[in-house]
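>>> Sequence and predicted model, in that order:
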Amino acid sequence: MTPADLAGGFALPDAVPLSGRIEASFRRRLDALPAATGVLVLVAAAEPVGDPVLVWRAAGRLGIRAEAGTAAAEAGLVEVGARVQFRHPLVRSAAYRSASLQERQDVHRALAQVTDPELDPDRRAWHLAQAAPGPDEDVAAELERSAGRAQARGGLAAAAAFLQRAVALTVDPARRGERALAAARASLQAGAFDAALGLLATAEGGPLDEFQRARVDLVRAHVAFASGLGSDAPPLLLKAARRLEPFDPELARETYLIAWVAAVFAGHLAGAGDLLKICHAIEALPPPPTAPRPLDLLLDGLALLITHGHAAAAATLQRAAKELTSIPVEDVLRWGWSATAASDAVWDHEGTRAIAERHGQLVREVGALAQLPLPLAALGNVAIWDGDFAGAASLVAETENVATATGSRYPPSIALRLLALQGKETDAAALIAGTIEQAPWGGQGLAATNAHWAAAVLYNGLGRYDEAAVAAQRATSDTFEPYVSMWALPELVEAAVRAGEAELARDALQRLAETTQPCRTNFALGIEARSQALLSDGAVADDLYRKAIDRLRRAQLRPELARAQLLYGEWLRREGRRVDAREQLRTAHDLLEAIGMAAFAERARIELLATGETARKRTVQTRDALTAQKAVIARLARDGLSNPEIGSRLFISARTVKYHLGKIFTKLDISSRGQLHRVLPGDPATTRLL
């Protein structure tokens, strides 16, 4: 089902094709019903939210008596009780689509007549639109008002459905083009990319002024970006931003921001100098007429980051990160889903968490599926830095569900990091190779960079430092890529030191310090101290390791803290300080085991053996055998969500949730959801994410 099908039922009746044995069976059973019962079922199918009062009132207008419902219930197709309940969604589809156009129009007209225009103007407008035999400006205008109300309450898919129908009912070519543009924008936000492109074609078929044509370019560029994060999007967005400047400077600035993000995702596969062109265009913009807003700070800081580096951009980005935590929901939907670009660039983990949690929740609540994968990726990164691997796996599953619903092609950045840190060599290596191979086809240069970073982490964990150094060099080779190349530098320092390439390690450390020193967060200084310690000796190294551990503990970055303790323990053992080494290695081993970093934990175990102490290998727990989909269902159920609520979150039916829970109970050797707390202990970080 498409995203619009989730719009409170407003797009459902004509969405599902009549095919398959199950639906054919339902059609035969519907055909066998008495005529009056068939009409009642059609009324129930046409009413979008299952309101029995409206169904019976409309049925009464059509001359249908109450006993008509008995045959439908006895046939096991639909019950009209406290709610209208179809046995299966395909019953509703079959009942609606097997009726003639005239029959559907009659039913919708009856439903419109019994719907209170004051209490529920949107449902009434929808039924009037479905009943209209041809273009009707009055109904189209009412649908447009309904779309505005739907957007105000966060119903993007419903707004898209209203506007699409309004376009079909509009006679005036100019008004039709403007409504088609609005419908395309709403469809894009709801994740209905094909519908958005079709509506753009409708808009272009009529008279458009230059501003409207610029907005057509904008929506088309957004579709290119949201559907695949490929190299086609940056030049399209840059073109749209330039065309918008004379008409709407604020919209132009928003578009330059998305163009910047798109160019970063395209990475080395973008057109020649796309990112620099975008940054120069941003720097050439006239200053805003008022004090800089969060958007202005973010945009200016990101341009400075590319053209002049961290030292020039840090203060602006740090200020932006603070202000981006409280921008209004309208800004979140238009451009705020990219706001973690500021905090990520300045090693501000707490800022990223605050922005990602708020913006991710807002985007989820309004159903902005086109934007949702990016906040989910930000949340996934937060979960991994926190050491909440179960939460990260849940977010991977949610992202995959969104991609399935929208047809978008998002690179598996979180899954790559997760598998690498877990040390799952077979799965990680396959995903790394596949991502690198596919990146050029999708124009997703950042995906390949992420894969090389993941490979560096994987091979550092496995102690294969030559391979880790090669992968880390590839991950840090794009000097214009501002995030992954920065985060991969500590991997290059560690791998190069262990591989005996001191000069390569010193160069990586210098590049790392250029990003950490201007920021001076606990995250930045902890990572820098850990990397510097690898290149130091004696008391200097000892002091640096202790500083790194202290900083990373205060930053609450459990995987990086555990790795600092592991490196310190390895260094202490080589210094002959076996008692001190055991303390650090034991602490590191226990934390790495608890997080699920198996390869790094094995490194710690082997080092402990070398000190004369043993450590048990981790045993596989039953819950580790759950698939990502089942894991997120189990965790949501544990946290009190109902089956319908879980289904809404994951874009599956409540019946499917029930099926998966049955399998989960068997796998975990429990009998009810009330026992999930016993086998899946709560994690405050995970609860925040879910």
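Yes, it's here.
>>> was I right about Q189 contacting R334?
No: applying C-beta atoms under 8 Å as the test, Q189 and R334 come out as separate, 9.1 Å apart. Where C-beta positions appear, they are placed from N, C-alpha and C, glycine not excepted.
>>> So which of these two has more stuff around it?
Q189 (27 against 20; other C-beta atoms under 10 Å).
>>> Quick one: residues contacting the more buried one.
Contacts for Q189 (C-beta atoms under 8 Å, 6 or more residues apart in numbering) come out as 156, 160, 333, 368-371.
>>> Spell out which residues make up each domain of this structure.
Per the record, the chain has its domains at 3-201, 397-610, 622-689, by automatic domain parsing.
>>> For the second one, what is the distance to the chain centroid?
Relative to its chain's centre, domain 397-610 lies at 24 Å (C-alpha atoms, centre = their mean, to the nearest Å).
>>> Pick the one among the contacts of Q189 closest to E570.
Closest approach between these and E570, by C-beta to C-beta: Q371, at 43.3 Å.
>>> in a strand, that's where E79 is, yeah?
Yes: under DSSP: H, G, I helix; E, B strand; the rest coil, E79 falls within a strand.
>>> Give me the residues contacting stretch 171-180.
In contact with stretch 171-180 (C-beta under 8 Å, 6+ apart) are residues 135, 137, 140, 144, 163, 166-167, 170, 199-200, 202-208, 212.
>>> Give me the buried positions along it.
The neighbour-count check on stretch 171-180 (16 or more other C-beta atoms under 10 Å) flags 175-180 as buried.
>>> gap between S338 and E250?
Taking C-beta to C-beta, to the nearest Å as the measure, S338 falls 16 Å from E250.
>>> quick one: which of the two has more around it?
Between S338 and E250, S338 has the larger neighbour count (other C-beta under 10 Å), namely 24 against 13.
>>> ok, the more buried one to E47 distance?
According to C-beta to C-beta, S338 and E47 sit 40 Å apart.
>>> do the same with A221
Taking C-beta to C-beta, one finds A221 at 39 Å from E47.
>>> try W56
Distance from W56 to E47, by C-beta to C-beta: 10 Å.
>>> Who has more neighbours out of the two?
E47 (24 against 19).
>>> Is there a neighbour count for P207? I'd like the number.
P207 is flanked by 9 other residues according to other C-beta under 10 Å.
>>> Ignore what I typed, I meant R553.
Number of residues near R553 (other C-beta under 10 Å) recorded here: 16.
>>> my guess is it contacts E560, does it?
No: with contact defined as C-beta under 8 Å, R553 does not count as touching E560 (9.8 Å).
>>> Now secondary structure, pLDDT and distance to S408 too, for the buried residues of stretch 171-180, in TSV please.
Below are the buried residues of stretch 171-180 laid out as TSV (DSSP: H, G, I helix; E, B strand; the rest coil; pLDDT from 0 to 100; distance: C-beta to C-beta, whole Å):
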residue	secondary structure	pLDDT	distance to S408
R175	helix	94	31
R176	helix	95	28
G177	helix	94	27
E178	helix	94	27
R179	helix	95	25
A180	helix	95	22
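>>> ok, so of the residues you listed, who is nearest T476?
Nearest to T476 among the buried residues of stretch 171-180 is A180, at 45.8 Å by C-beta to C-beta.
>>> Just give the closest residue to the closest one, not the sequence neighbours.
A203 (3.9 Å; C-beta to C-beta, 6 or more residues apart in numbering).
>>> Okay, and that neighbour sits in which element?
Following DSSP states H and E, one finds A203 within helix 193-204.
>>> ok, now R603?
Using DSSP H and E, R603 maps to helix 598-610.
>>> Please name every helix or strand in contact with that helix.
helix 413-422, helix 445-462, helix 558-574, helix 578-595 (3 or more C-beta pairs under 8 Å, 6 or more residues apart in numbering; DSSP states H and E).
>>> What about the closest residue to E583 other than its chain neighbours, how many residues nearby?
By the measure of C-beta to C-beta, 6+ apart, the closest residue to E583 outside its immediate chain neighbours is G569, 7.8 Å from it. G569: 27 surrounding residues under other C-beta under 10 Å.
>>> these two touch, right, G569 and R577?
No: contact between G569 and R577 fails when scored by C-beta under 8 Å: they sit 9.6 Å apart.
>>> What segments of the stretch 101-250 of the chain are helices?
101-114, 121-131, 137-152, 156-168, 173-189, 193-204, 210-228, 233-244, 249-266 (DSSP state H, counting those that start in this stretch).
>>> can you pull the alpha-carbon coordinates of the first one into CSV?
What it means is helix 101-114. What follows is helix 101-114, C-alpha atoms only, in CSV (Å, rounded to 0.1, in the frame of the first residue of the first chain):
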residue,chain,number,x,y,z
LEU,A,101,-19.3,4.3,-10.8
GLN,A,102,-22.9,5.4,-10.4
GLU,A,103,-23.3,3.1,-7.3
ARG,A,104,-20.2,4.6,-5.7
GLN,A,105,-21.3,8.1,-6.4
ASP,A,106,-24.8,7.5,-4.9
VAL,A,107,-23.2,6.1,-1.8
HIS,A,108,-20.8,9.0,-1.4
ARG,A,109,-23.6,11.5,-1.9
ALA,A,110,-25.7,9.8,0.8
LEU,A,111,-22.7,9.9,3.1
ALA,A,112,-22.0,13.6,2.4
GLN,A,113,-25.7,14.4,3.2
VAL,A,114,-25.5,12.8,6.6
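>>> confidence score at the residue nearest to the spatial centre of the chain?
For the chain, the residue nearest the mean C-alpha position is P373 (1.9 Å; C-alpha atoms, centre = their mean). For P373, the model assigns a pLDDT of 87.
>>> which residues sit in contact with it?
Applying C-beta under 8 Å, 6+ apart, the residues near P373 are 399, 402-403, 408, 410.
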